[in-house]
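Colleague: Dropping a prediction and its sequence here:
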Amino acid sequence: MFFGRNVELRKLHDLSDKKTASLVVVKGRRRIGEQMKNIFDIPALPLENWSDAFSHLASHTRSGSVLILLDEISWMAGKSSDFAGKLKIAWDTKFKKNNRLILVLCGEYPWK
């Protein structure tokens, strides 16, 4: 769920009309919204590493309109030194081949 993100949601909607894949970065406060895993009761997958995770995801998103949202990207990158490199490889070799795919990377920034 998005709270107070009407402008961003409009931009995402506009991206869905493009003829090329899109990569979007969204910043926001921590602890806002719900966890998708809890909302949709999605089971955990036994994946060994980020390459396996991205390959699995890419195998299910080869065609059609797809929105991939990776939340807590700062945490993922902080926990795994190869995360950013593996994500770039997955984008370059897999995800951007689907012209209707939108990849959204969400991170935090401190509020003062």
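Modeller: Here it is on my side, so go on.
Colleague: give me the low-pLDDT residue ranges for this protein?
Modeller: The model of the chain has pLDDT under 70 over residues 1-4, 28-42, 109-112.
Colleague: how close does residue 104 sit to residue 15?
Modeller: Per C-beta to C-beta, to the nearest Å, residue 104 is found 9 Å from residue 15. Any C-beta I mention is one placed from the backbone N, CA and C, and that applies to glycine too.
Colleague: next one: residue 63
Modeller: Counting by C-beta to C-beta - residue 63 and residue 15 are separated by 17 Å.
Colleague: Which residue of these two possesses the greater neighbour count?
Modeller: residue 15 (18 against 10; other C-beta atoms under 10 Å).
Colleague: Skip the chain neighbours and tell me the closest residue to that one.
Modeller: residue 22 (4.7 Å; C-beta to C-beta, 6 or more residues apart in numbering).
Colleague: With residue 26 instead?
Modeller: residue 106 (4.8 Å).
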